[in-house]
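Asks: Predicted structure and sequence below. I'll ask about it afterward.
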There are 2 protein chains.
Amino acid sequence: ANAYFWAGKIFAAQYFTTVPFGLNFQGVNAWLYHAGGLDLWHEVYKPYGLVAFPMGNTGVQMTGWFREPINSLEDFNGLKMRIPGLAGKVYQQIGVEVKLLPGGEIFPALERGVIDAAEFVGPYQDRRLGLQKAAKYYYTTGWHEPSNVTELLINQKAWESLPADLQAIVKNAAQACNLDSHSWCEANNAAALRDLVENYGVIAQTLPDDVVTKLKGITKDTLEAEAAKDPVTKKVHDSFMAFRDTHREWAAISEEPYHGIISSKDGMS
Amino acid sequence: ANAYFWAGKIFAAQYFTTVPFGLNFQGVNAWLYHAGGLDLWHEVYKPYGLVAFPMGNTGVQMTGWFREPINSLEDFNGLKMRIPGLAGKVYQQIGVEVKLLPGGEIFPALERGVIDAAEFVGPYQDRRLGLQKAAKYYYTTGWHEPSNVTELLINQKAWESLPADLQAIVKNAAQACNLDSHSWCEANNAAALRDLVENYGVIAQTLPDDVVTKLKGITKDTLEAEAAKDPVTKKVHDSFMAFRDTHREWAAISEEPYHGIISSKDGMS
């Protein structure tokens, strides 16, 4: 499961799956395993008699498929888009008509023009749905889901009845699976993206800057409004955001310049 | 251990630890676990009766500490720098006088001006050596070690004597440790970097573009010369580079724009 499935009941659960403009795979695991995130997760689930561990991650997801190019903020006004969750609430505030459709209905709806745009996961999973045959503009930034944590959900009494060695095996298996699933996504998304661009005429590009800036402002206000309503959400929000601010300073001098030097085509290409 | 310790004897081992301008943590694990890298690693080690698994990763390392700012390629000419391995061979070709010093000798040598610059790991480990008290210019790009895989090295006969369930436990524990070590580095480097900048006056910045371009060209020539000498190196080189080319196209529309939107200060900051 994903913790954000329960966000309607426990808003704080949102932070244990993904936060728009939040942490990527590297950052969220740093927060969960080594900056207090997992302890908070256990604290939030305790009243429900549950224990959870991260067990998978998609990495950065694609913004989605659009039948027409997006050139400005105005292009979202009245746009019918399949987009679940918190990102949908944010899009609504720039005029998007949010449609909740199960995975299997996305392709026919997009192909027939019942919807104008759709978000699903990333190149490999999106290609399986055939979305490249219904729309050609494939937008990115990963703003809405910069990573997506899958949860292993365990009954707390059953967990506590396990001896320490079996608990350690389960915890390690979940952690191994977490890395394995992300590595699988990275390898398969890389190959699928190349196929989509080379063989299906897909145009992969970033959203305009002013759109991203607007979405960022709305996300901030939305999260802060939720945190103000409920002390549990506030505690998780404050921990997540404090870590995010420190982590992005580090990302800005580690991963960010690395991407600058590998994407340029001189020398090594 | 790290596979590149054996690169003097088996050059191909270099690829299983790190390659300058090569894959980051996300990319190298995708290659190892899901694009043939680990099978090649086992093939390369087989003649030596050894089996290896990735068991840790530092993530992107820092370029290093410099007593004076680097403004151009010329500033490397005659510069005395502590830098081991393949990156050292690359620096030599732009005039760097490479010094091989063990970790414990870096600080006194840098403080006394016996060396002008030093590479070690990243903010947390470098701060433990006190390097911020010997130099203030802390350069980045991660060009020389965009990740660093730690290896679990096992005697092949001992490995084959284990029943399948115990092999699975060892493999999972190594994979869990791989993610755990990286998460630990991310969390601790983030906190240490903030401390270095705020409390020690450290200036963290990127190398000039023309320096990076030159280093990239030399790295390419050096790797291709090694691959041309030996069929085992060539097989590993070709697999690594083919995956890298596909992975960086994906990185360019997933991680790269993500970094663009989190590092800018508008909205969420």
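Replies: Cool, got the structure.
Asks: low pLDDT regions in the stretch 101-250 of chain A?
Replies: By pLDDT under 70, the stretch 101-250 of chain A has no low-scoring segment.
Asks: run the last query once more with 90
Replies: Filtered on pLDDT under 90, the stretch 101-250 of chain A yields the residue ranges A:142.
Asks: can you pull out the strands in it?
Replies: Ranges of strands within the stretch 101-250 of chain A are A:117-118, A:137-140, A:149-155, A:203-206, based on DSSP state E, counting those that start in this stretch.
Asks: Give the other helices and strands that the shortest one contacts.
Replies: It stands for strand A:117-118. When contacts are defined as 3 or more C-beta pairs under 8 Å, 6 or more residues apart in numbering or on different chains; DSSP states H and E, strand A:117-118 packs onto strand A:64-66, strand A:80-82, helix A:103-111. No exception for glycine: its C-beta is placed from N, CA and C like everyone else's.
Asks: thinking again about what came up before, with distance to B:F11 as added columns, please give the strands of the stretch 101-250 of chain A in TSV.
Replies: Listed next are the strands of the stretch 101-250 of chain A as TSV, based on distance: least, C-beta to C-beta, whole Å:
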stretch	distance to B:F11
strand A:117-118	48
strand A:137-140	37
strand A:149-155	39
strand A:203-206	36
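Asks: And the ones you listed: which comes nearest A:P47?
Replies: Closest approach to A:P47 among these is made by strand A:149-155 (13.8 Å; C-beta to C-beta).
Asks: partners of that closest one, with directions?
Replies: strand A:50-57 (antiparallel) (DSSP bridges).
Asks: Next, the residues that contact the partner strand from outside, please.
Replies: Strand A:50-57 has contacts (C-beta atoms under 8 Å, 6 or more residues apart in numbering or on different chains) with A:3, A:16, A:25, A:28-29, A:32, A:38, A:41-42, A:45, A:147-156, A:159, A:170-171, A:174-175, A:177-178, A:181-182, A:185.
Asks: repeat for stretch A:191-208
Replies: Contacts of stretch A:191-208 (C-beta under 8 Å, 6+ apart): A:63, A:69-73, A:122-124, A:126-127, A:132-133, A:136-141, A:143, B:246, B:249-250, B:253, B:257, B:260.
Asks: how long is that stretch from one end to the other?
Replies: 26 Å (C-alpha to C-alpha, to the nearest Å).
Asks: Go ahead and confirm A:Y139 touches A:G64.
Replies: Yes. If you go by C-beta atoms under 8 Å, A:Y139 and A:G64 touch, sitting 6.1 Å apart.
Asks: contacting residues for A:N188?
Replies: A:N188 makes contacts with A:123-124, B:34, as judged by C-beta under 8 Å, 6+ apart.
Asks: and which of these is nearest to B:L215?
Replies: Nearest member of these to B:L215, counting by C-beta to C-beta, is B:H34, at 29.3 Å.
Asks: thinking again about what came up before, need the helices and strands packed on strand A:117-118 in JSON lines (columns: mean neighbour count and distance to chain B).
Replies: As requested, the helices and strands packed on strand A:117-118 are exported to JSON lines (neighbours: other C-beta atoms under 10 Å in any protein chain shown; distance: least, C-beta to the nearest C-beta, whole Å):
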{"stretch": "strand A:64-66", "mean neighbour count": "25", "distance to chain B": "13"}
{"stretch": "strand A:80-82", "mean neighbour count": "21", "distance to chain B": "19"}
{"stretch": "helix A:103-111", "mean neighbour count": "17", "distance to chain B": "20"}
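Asks: Can I get those in CSV including distance to B:L79?
Replies: Compiled in CSV, the helices and strands packed on strand A:117-118 are given as follows (distance: least, C-beta to C-beta, whole Å):
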stretch, distance to B:L79
strand A:64-66, 49
strand A:80-82, 54
helix A:103-111, 56
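Asks: Noted, bye for now.
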